[in-house]
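Asker: 3D model of this:
(chains A and B)
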Amino acid sequence: MSTSGLKAIAPVPKASDFLDIVLSKTQRKTPTVIHKNFKISRIRNFYMRKVKFTQDSFDEKLGAILEEFPIIDDLHPFLSSLLNVLYDKNHYKLALGQLRTARHLIDQVAKDYVRLLKFGDSLYRCKQLKRAALGRMATIMKRQNEALEFLEEVRKHLSRLPAIDPTARTLLICGYPNVGKSSFLNKVTRADVDVQPYAFTTKSLFVGHLDYRYMRWQVIDTPGILDHPLEEMNNIEMQSITALAHLKACVLYFMDLSEQCGYSVEAQCQLFHAIKPLFANKPTVLVLNKVDVARLDDLAPERRAMVDEIINAEGVRHVQVSCYTDEGVTVLKTTACDALLEHRVDMKLKGNKVNGILNRLHVAQPKPRDDVIRAPFIPDAIKERKKYDQNDPERRRLERDVEAEEGGAGVYNINLKKSYLLENDEWKNDVMPEIMDGKNIADFIDPDILEKLDALEREEEKLEAEGFYDSESDMFDSDDEREAVAAKSAREKKLISQSTKKAMKNRAALPRTAGLRTLSELTSEMTKAGLDPSRIQERAEILAKVAGAKRKRQREEDEAQMDVDEDAEMGDGGEDEWMDVDGEEAPRLKKAKANSGAVAAKGARHPRSNRQLAGMRDEAQASKAVKLRNLGQRERNMQARAGESDRAIKTKMPKHLFAGKRKMGKTDRR
Amino acid sequence: MRVEKCYFCSKSVYPGHGSAFVRNDAKVFRFCSSKCNKNFKMKRNPRKVRWTKAFRKAAGKEMTVDSTIEFEKRRNVPVRYNRELVETTVKAMKRIAEIKQKREHAFWKNRMAVAREKLKAHRKRKLEKTSVKLVQPITPQAEKVKEKIKVAVKTRSALVAGEGRSMGMEID
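Answerer: Model prediction:
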């Protein structure tokens, strides 16, 4: 509901619909299964429940309707009289009263039949009682059809009433039909009311809103009023009368001097006098509309007199307006609004509430502290300055004029530095440096910088004199130099010794041939010592021969299985050197050895015992041992490990595992 | 145009470089790089982060109190432009920079003096420990003249390849 104070009302169903709703509700929401051989108490309960439920539903729904419809007497007098005008207060009250009675009657019916049901002795009897109860309730409701329909109509109309706030600032437009009231409303607000040449185009109140002085104003357009006594006024006119009577608003009485509305000026003035009592205590504005056609000054004197009578006698304001040409519309608006504001302020001042506020208001006036006059300072040059007049030929030259002379806006660049006030005018167009050597020059600018710099220089001299900047510890002594050199060489030696120490860690301290001696060495040393080595020599030769024969046999065996590669290293050359028997066995093959550094005997290829078969019983066991060894080695070989202690990882971070996107999935873990 | 100081590391931020963060209380934090910015967002205290100037100053590694530093300070009162003043200011800036550098060097040297003493002492000790004291070399004995003497054959010992440790022979 848009009219303030009236809330939205739920739709009121017709009597038949009402019945349908309630009865179907009963059927749905109560148990439906009953049989004649149930216990009698159960049967009674069943039917009592139905009756009671129906009664409750009726109660509820009727109660809701009665609650929602407003009580006319409790509303604002404007609304109540408006409702009276529109719907006839008595009829409305009667309708609601009827519903109330119906509710009461239904309650009685239910009470009676429940009492009767308590003594029902069979299913059939109970059922009949229930039927009777429900039937009576239905009849009662059917009789309320008219009331329900009336209330539904009222509800529909109420929901479409315009939202009129009886307490807000309002401008009320009234007058004869067709004088231009609705046109004015359309002009001044955003309302879009029908404007037609026939009378009673506006058949009800219309509201528009306007803003003036940061406040919201309601403008209410009323249907036209004809000049006949109150009793003869029809419904439509009564609405305007109601509005006029009850709303505290500024009244805009529209008059049409051109008589285009079809009513004469005299008639309009008469009407004004007739409804004057309604304007008591309201600021009134006489609006003379359609001045594009007829002006007040052009009126005939008698009519003029009549109008003047209204204007002067009652202290009524008047405005001449033409809604067609928009002349005076704004003036009218401001006059009306101001008049209303004044009136409202007056009312408030006269009322009692003001005192409560005035008590709390205190306007503080500052007291002068002393006799000193503190006037605003205005330089004399400004006081004597001539006011700039565009048409004066001797006006002063502005920047705009300069710009125009030099070629216009796009061509001329304003030199803002032109009017700088500097000590020396040559500096005006200087570009000041801002940054130097990573420092801001603005941080160093100081009018006293020279003094400060002098102080600094003096300080500097003092420091130098003291010897602050001398550095004895800087002198590099001869002692220091020697020490430095010695330290350096010591460091180098240390490094070398450390590296050799590490290198020698895993090496035998002496080579295998350290204690070996050739026969010639032995004999020469012995001779030098004065001993006779002949026996030793003989024995050595014998041994050498034996060893040589054995070796020859071995060599012949090996040759059968020897690879081609091994041809290159004939170990016999080495053996020759080792057992140098004065070069007698020279024609042995003396080929270049693969590794000439080793003096070790190449007889190591044929050791005396075969370690691999040494502990085996027989061939079967030996082959089993070989198999087991291979089995154990297989795992390591698959991992390309040299042996069981080989834990080397050639690539710590293979790229394919540690870089790149995955085809599917996340790369959170690598 | 101003060369600002990075809030975190106190480096100079030239125009067009770095970023700035304005807090709700209208305090502006300028950064030279995203490194400083990220450190700031991590709520690190520049006075505890070793490579920043703030740490160095707080830890006494840089000169903090000196008259040359008072020349450079942000002035909020504008001075009317005066060409001569700007000229003298530019010259003064150069001189001040020289002096400041000298003083900073002196400060540094003073700081390092302690370390230098330590270094010298360390070197001395090291040398004493490791250096070989050169003594008068031992003169080798005059080579004996070996005479050949005839000795009767005594035992027949089968001398096979020895251990190799001793050059001298065992004579039974």
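Asker: from A:A659, how far out is the most centrally placed residue in chain B?
Answerer: The residue lying closest to the centre of chain B (Cα atoms, centre = their mean) is B:M112, at 9.8 Å. When Cβ to Cβ, to the nearest Å is applied, the distance between B:M112 and A:A659 equals 46 Å. Heads up, the C-betas are built off the backbone N, CA and C, glycines and all.
Asker: show me what the host helix or strand of the residue nearest to the centre of chain B is packed against.
Answerer: B:M112 is part of helix B:83-130, with elements assigned from DSSP states H and E. Using 3 or more Cβ pairs under 8 Å, 6 or more residues apart in numbering or on different chains; DSSP states H and E, the elements in contact with helix B:83-130 are helix A:449-466, helix A:478-503.
Asker: need those in a markdown table with mean neighbour count, mean pLDDT and distance to chain B, can you?
Answerer: Formatted as a markdown table, the entries for the helices and strands packed on helix B:83-130 read as follows, by neighbours: other Cβ atoms under 10 Å in any protein chain shown; pLDDT from 0 to 100; distance: least, Cβ to the nearest Cβ, whole Å:
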| stretch | mean neighbour count | mean pLDDT | distance to chain B |
| --- | --- | --- | --- |
| helix A:449-466 | 13 | 94 | 5 |
| helix A:478-503 | 11 | 85 | 5 |
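Asker: closest point of chain A to chain B, which residue?
Answerer: A:G515 (1.1 Å; Cβ to the nearest Cβ).
Asker: surely that residue forms part of a strand?
Answerer: No. Under DSSP: H, G, I helix; E, B strand; the rest coil, A:G515 falls outside any strand and is assigned coil.
Asker: so what's it scoring on pLDDT?
Answerer: What the model reports as pLDDT for A:G515 is 84.
Asker: for it, give its distance to A:E521.
Answerer: Plainly put, A:G515 is 12 Å away from A:E521 if you go by Cβ to Cβ.
Asker: neighbour count for these two, which is higher?
Answerer: Between A:G515 and A:E521, A:G515 has the larger neighbour count (other Cβ atoms under 10 Å in any protein chain shown), namely 14 against 11.
Asker: domain parsing for chain A?
Answerer: Following the TED database, one finds the domains of chain A at A:15-160, A:170-350.
Asker: lowest mean pLDDT across those domains, which one is that?
Answerer: Within those, the stretch with the lowest mean pLDDT is domain A:170-350, showing a mean of 85.
Asker: can you pull out the strands in the chain?
Answerer: With no chain named, the answer covers chain A. Counting by DSSP state E, chain A has these strands, from start to end: A:170-175, A:206-212, A:215-221, A:250-256, A:284-289, A:317-320, A:435-436, A:439-440.
Asker: my question was about chain B, not that one.
Answerer: Counting by DSSP E, the strands of chain B are B:4-5, B:12-13, B:19-22, B:28-31.
Asker: and these as a markdown table, adding distance to chain A?
Answerer: Rendered in a markdown table, the data for the strands of chain B read as follows (distance: least, Cβ to the nearest Cβ, whole Å):
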| stretch | distance to chain A |
| --- | --- |
| strand B:4-5 | 9 |
| strand B:12-13 | 5 |
| strand B:19-22 | 17 |
| strand B:28-31 | 14 |
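Asker: pick the most deeply packed of those strands.
Answerer: Comparing these by mean neighbour count (mean count of other Cβ atoms under 10 Å in any protein chain shown), strand B:12-13 comes out on top with a mean of 19.
Asker: and it, how far out from the chain middle?
Answerer: Averaging C-alpha positions (Cα atoms, centre = their mean, to the nearest Å) puts strand B:12-13 25 Å from its chain's average.
Asker: name every strand pairing with it and say which way it goes.
Answerer: Using DSSP bridges, the neighbouring strands of strand B:12-13 in the sheet come out as strand B:4-5 (antiparallel).
Asker: what's the strand it pairs with in contact with?
Answerer: By Cβ atoms under 8 Å, 6 or more residues apart in numbering or on different chains, the list of residues contacting strand B:4-5 from outside reads B:11-13, B:18, B:30.
Asker: need the strands of chain B in a markdown table with distance to A:F200 and mean pLDDT, can you?
Answerer: As requested, these are exported to a markdown table (distance: least, Cβ to Cβ, whole Å; pLDDT from 0 to 100):
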| stretch | distance to A:F200 | mean pLDDT |
| --- | --- | --- |
| strand B:4-5 | 79 | 96 |
| strand B:12-13 | 81 | 96 |
| strand B:19-22 | 68 | 97 |
| strand B:28-31 | 72 | 97 |
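Asker: out of those strands, which is closest to A:C174?
Answerer: Each of the strands of chain B was checked against A:C174 via Cβ to Cβ, and the shortest separation belongs to strand B:19-22, namely 62.2 Å.
Asker: residues making contact with the closest one?
Answerer: Contacts for strand B:19-22 (Cβ under 8 Å, 6+ apart): B:28-31, B:34, B:37, B:40.
Asker: likewise for stretch A:72-82?
Answerer: Looking at stretch A:72-82 with Cβ under 8 Å, 6+ apart, the contacting residues turn out to be A:3, A:5-6, A:83-84, A:89, A:92-93, A:161, A:164, A:166, A:205, A:239, A:242-243, A:245-247.
Asker: okay, that stretch in PDB with CA atoms only?
Answerer: Coordinates of each C-alpha in stretch A:72-82 appear next as PDB, following Å, rounded to 0.1, in the frame of the first residue of the first chain:
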ATOM      1  CA  ILE A  72     -10.900   4.100   9.600                       C
ATOM      2  CA  ASP A  73     -11.200   6.000  12.900                       C
ATOM      3  CA  ASP A  74      -7.600   5.100  13.800                       C
ATOM      4  CA  LEU A  75      -6.200   6.800  10.700                       C
ATOM      5  CA  HIS A  76      -5.100  10.300  10.000                       C
ATOM      6  CA  PRO A  77      -8.300  12.400   9.500                       C
ATOM      7  CA  PHE A  78      -7.300  13.100   5.900                       C
ATOM      8  CA  LEU A  79      -7.000   9.300   5.200                       C
ATOM      9  CA  SER A  80     -10.200   8.500   7.100                       C
ATOM     10  CA  SER A  81     -12.200  11.100   5.300                       C
ATOM     11  CA  LEU A  82     -10.700  10.100   2.000                       C
END
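Asker: list the buried ones in it?
Answerer: Across stretch A:72-82, burial judged by 16 or more other Cβ atoms under 10 Å in any protein chain shown covers A:72, A:75-76, A:78-82.
Asker: on that earlier part again, filter the contacts of stretch A:72-82 down to the buried ones.
Answerer: A:3, A:6, A:83-84, A:92, A:161, A:164, A:166, A:205, A:239, A:242-243, A:246-247.
Asker: most widely separated two among those residues?
Answerer: Set against one another by Cβ to Cβ, the buried ones among the contacts of stretch A:72-82 have their most distant pair in A:Y92 and A:L247, with a gap of 21.6 Å.
Asker: outside of stretch A:106-124, which residues touch it?
Answerer: Here stretch A:106-124 makes contact (Cβ under 8 Å, 6+ apart) with A:34-36, A:38, A:40, A:43-44, A:47-48, A:51-52, A:54-55, A:58-59, A:62, A:126, A:129-130, A:132-133, A:136-137, A:140-141.
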